[in-house]
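Engineer: Structure for this input, please:
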Amino acid sequence: MKKILIVSYVFPPAGGITVQRALSFAKYLPANGFEVHVLTAGNAAVPVLDPGLLKHIPPEVRVHRSFTPELPYYLRKKIWSLLAPRPSSPQAPKESASPATPGLRSRIMAGIKQRFSPDPEIVWVPFALRRARKIVRQYGVEYVLVTAPPFSSFLIGCGLKREFPQIKFISDFRDEWLRFYLTEFEFLKTPGTRRKAETIERETVERSDLVVAVTASSLNEIRSRYPEQPDSKFALVSNGYDPEAFRDFRPRPHGTGKIVVTHAGTVYKSSSPRYYLDALDALPEEIRARFETRFVGRITPEEQPFLENRKSEIKLLGNVPQAQALRYMEETDYLLLTMTNDYSLPGKLFEYLATGKRILAFSPVGGEVDRILKETGAGWCAECEDKSMARRMLLKASEPCMIEPDHKRIGEYSRVDLVTLFSAILQQRLEQPSRAGLAHAGVS
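Structural biologist: Below you'll find the model as predicted:
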């Protein structure tokens, strides 16, 4: 048995789509000849808990949990909201010594961002690294897979590689860091954070024996920054869905007499439903009244205003365990997805595909989301800012229509097969690095 340590800041009982990739590696690598260890934060600052996911961890997988000196997620968000600079009105008084003044808030936040750079989870790194060293020594770990975000976790892999040069270090980029992540989230938008992120990413890529990305576009973006590195160091292993989670999935009528559209997962800037809701509001009343939109999951404070004062019916169902989210998806007519850039793929897209339900996507035409929908025949895609295209898509959705997805193509995104592919890449590139062997194995 080859011994691998998976380092993932989030892991069950944490919930949401964020944990699914690390969970799938832990779940299916044992069948591919690995003794699996997982190192995660024992008290991670996460917005969602889903203890039901614990049952998906095989009993032979050893989960190690280390302390992190972080505030609980919602307390951290509350402090951020209180300290974040607010736009001042022309009538606002000049800055005073009061803690509530915008100038003082800005200085406090600048200090916090500098201390917790490149992300707040960096405070976990020294505790995790200490625990990881013990795991490597005690169990003779040969492979270390670090999956991110949070991207500060890569410091754990770099530290282990410096101390144990014989281990194989795999860095797994679930998101593209410098182009996407640093511009998407307000806390990370500082020059200092970018400089530190660039330094950490370079060290990570240089020390990694394998760099993995989840989309071809993201892989090419990362690869372009390090032309001096060999092509064999970079690999694509897509996100996917767990077929076991959908084993009992049974589409059923909702009985409302409406066209039900469901968005599952967190609503934030790049997954904003505003484009869909704007297009829906612009439809004639007799058509718009036939739609009911449901949101299952967390809605960030920044996006909450875009759901208010709408002309169509909206239901907010809140955070629920994965099993309950699937029940809501069973009775929907369409699944709603937004991705505002052309190089990212939301992990939930693959769970959407697994349901066989029709997908309404707002994303750049020709981008990664559009490509997947065209390949699988699972739905339609409209440009976020193209109101005419969005209108045509919703009018089409309002009429009886048949979408027959390509189930064989969707099946290629089973996490069972993707983890098997990952195992093959490890064997071919890290155990037998011959290019002839790669070509014979058909691994790209």
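Engineer: Who are the packing partners of the helix or strand harbouring Leu421?
Structural biologist: Element membership of Leu421, judged by DSSP states H and E, is helix 415-426. When contacts are defined as 3 or more Cβ pairs under 8 Å, 6 or more residues apart in numbering; DSSP states H and E, helix 415-426 sits against helix 20-28, strand 210-213. All C-beta spots, glycine's among them, are computed from the backbone N, C-alpha and C.
Engineer: Including mean neighbour count, could these go into TSV?
Structural biologist: Listed next are the helices and strands packed on helix 415-426 as TSV, based on neighbours: other Cβ atoms under 10 Å:
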stretch	mean neighbour count
helix 20-28	24
strand 210-213	22
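Engineer: I'd like those laid out as TSV, including mean pLDDT and distance to Ser171.
Structural biologist: Listed next are the helices and strands packed on helix 415-426 as TSV, based on pLDDT from 0 to 100; distance: least, Cβ to Cβ, whole Å:
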stretch	mean pLDDT	distance to Ser171
helix 20-28	97	13
strand 210-213	98	5
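Engineer: Distance to Gly347 added to those, as TSV?
Structural biologist: TSV is the format used below for the helices and strands packed on helix 415-426 (distance: least, Cβ to Cβ, whole Å):
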stretch	distance to Gly347
helix 20-28	6
strand 210-213	13
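Engineer: Out of those, the one nearest Tyr139 is which?
Structural biologist: helix 20-28 (14.8 Å; Cβ to Cβ).
Engineer: Of all the helices and strands packed on helix 415-426, which one comes closest to Leu75?
Structural biologist: Nearest of the helices and strands packed on helix 415-426 (Cβ to Cβ): helix 20-28, 24.8 Å.
Engineer: what's downstream of that closest one, the next helix or strand?
Structural biologist: Taking DSSP H and E, what comes next after helix 20-28 is strand 34-41.
Engineer: For whichever helix or strand comes after that next one, what is the distance to the chain centroid?
Structural biologist: Counting by DSSP H and E, the next helix or strand C-terminal to strand 34-41 is strand 62-66. Centroid separation for strand 62-66 versus its chain: 22 Å, with Cα atoms, centre = their mean, to the nearest Å.
Engineer: Just list what strand 62-66 packs against, helices and strands only.
Structural biologist: By 3+ Cβ pairs under 8 Å, 6+ apart, strand 62-66 packs against strand 34-41, helix 125-139.
Engineer: quick one, which of the ones you listed is nearest to Arg21?
Structural biologist: strand 34-41 (12.2 Å).
Engineer: which residues touch the closest residue to Phe246 other than its chain neighbours?
Structural biologist: Nearest non-adjacent residue to Phe246, counting by Cβ to Cβ, 6 or more residues apart in numbering: Ala354, 4.6 Å away. Residues counted as contacts of Ala354 (Cβ atoms under 8 Å, 6 or more residues apart in numbering) are 241, 243, 245-246, 249, 410, 413.
Engineer: which of these has the most neighbours?
Structural biologist: Tyr241 (25 neighbours; other Cβ atoms under 10 Å).
Engineer: So that residue versus Leu23, what's the distance?
Structural biologist: 12 Å (Cβ to Cβ, to the nearest Å).
Engineer: re earlier: next, the residue nearest to Phe246: secondary structure please.
Structural biologist: State at Ala354, reduced to three classes by DSSP: H, G, I helix; E, B strand; the rest coil: helix.
Engineer: Ser344 and Pro69, how far apart?
Structural biologist: Counting by Cβ to Cβ - Ser344 and Pro69 are separated by 31 Å.
Engineer: ok, residues contacting stretch 246-263?
Structural biologist: Contacts of stretch 246-263 (Cβ under 8 Å, 6+ apart): 273, 276, 290-297, 313, 326, 328-337, 351, 354-357, 360, 397-398.
Engineer: what do you get for stretch 417-428?
Structural biologist: 24-25, 27-29, 32-34, 143, 168, 170, 210, 212, 235, 237-240, 411, 437-438, 441, 443.
Engineer: Help me confirm that Ile359 is found in a helix?
Structural biologist: No. Secondary structure of Ile359 (three-state DSSP): strand, not part of a helix.
Engineer: Any idea what it is bridged to?
Structural biologist: On the basis of DSSP bridges, Ile359 takes part in beta bridges with Leu335, Gly379.
Engineer: Which single helix of the protein contains the most residues?
Structural biologist: helix 191-207 (DSSP state H).
Engineer: Output the below-cut-off pLDDT ranges for the stretch 51-200 of the chain.
Structural biologist: 79-116, 185-189 (pLDDT under 70).
Engineer: quick one on the thing from earlier: show me which of Ser344 and Pro69 is the more surrounded one.
Structural biologist: Ser344 (26 against 9).
Engineer: Next up, the contacts around that one.
Structural biologist: 175-176, 180, 215, 217-218, 270, 368.
Engineer: so which of the contacts of Ala354 comes closest to Ala382?
Structural biologist: Minimum distance to Ala382 across the contacts of Ala354 is 21.2 Å, recorded for Ile410 (Cβ to Cβ).
Engineer: which ones are touching the closest one?
Structural biologist: 353-354, 356, 376, 378.
Engineer: Report the separation between it and Ala282.
Structural biologist: 32 Å.
Engineer: just Val211 next, same as before
Structural biologist: 44 Å.
Engineer: cool, and Glu184?
Structural biologist: 27 Å.
Engineer: likewise Pro321?
Structural biologist: 35 Å.
Engineer: can you give me how far stretch 264-271 is from the chain middle?
Structural biologist: With Cα atoms, centre = their mean, you get 10 Å for stretch 264-271.
Engineer: tell me the mean pLDDT for it?
Structural biologist: Stretch 264-271 carries an average pLDDT of 92.
Engineer: Show residues contacting it.
Structural biologist: So stretch 264-271 is contacted by 16-17, 47, 180, 184, 273, 295-300, 302-303, 307, 325, 328-329, 335, 337-341, 344, 346, 348, 351-352 (Cβ under 8 Å, 6+ apart).
Engineer: So for it, what gets flagged as buried?
Structural biologist: Using 16 or more other Cβ atoms under 10 Å as the test for burial, stretch 264-271 gives 264-268, 270-271.
Engineer: and which of these is nearest Arg202?
Structural biologist: Of the buried residues of stretch 264-271, the one sitting nearest to Arg202 (Cβ to Cβ) turns out to be Ser270, at 25.1 Å.
Engineer: would the closest one count as being in a helix?
Structural biologist: Yes. Applying three-state DSSP, one finds Ser270 inside a helix.
Engineer: first to last residue in stretch 21-41, what's the distance?
Structural biologist: End-to-end span of stretch 21-41 (Cα to Cα, to the nearest Å): 16 Å.
Engineer: Stretch 379-399 too?
Structural biologist: 14 Å.
Engineer: Counting neighbours, which bits of that stretch end up buried?
Structural biologist: Buried, per 16+ other Cβ under 10 Å, within stretch 379-399: 379-384, 386, 389-391, 393-394, 397.
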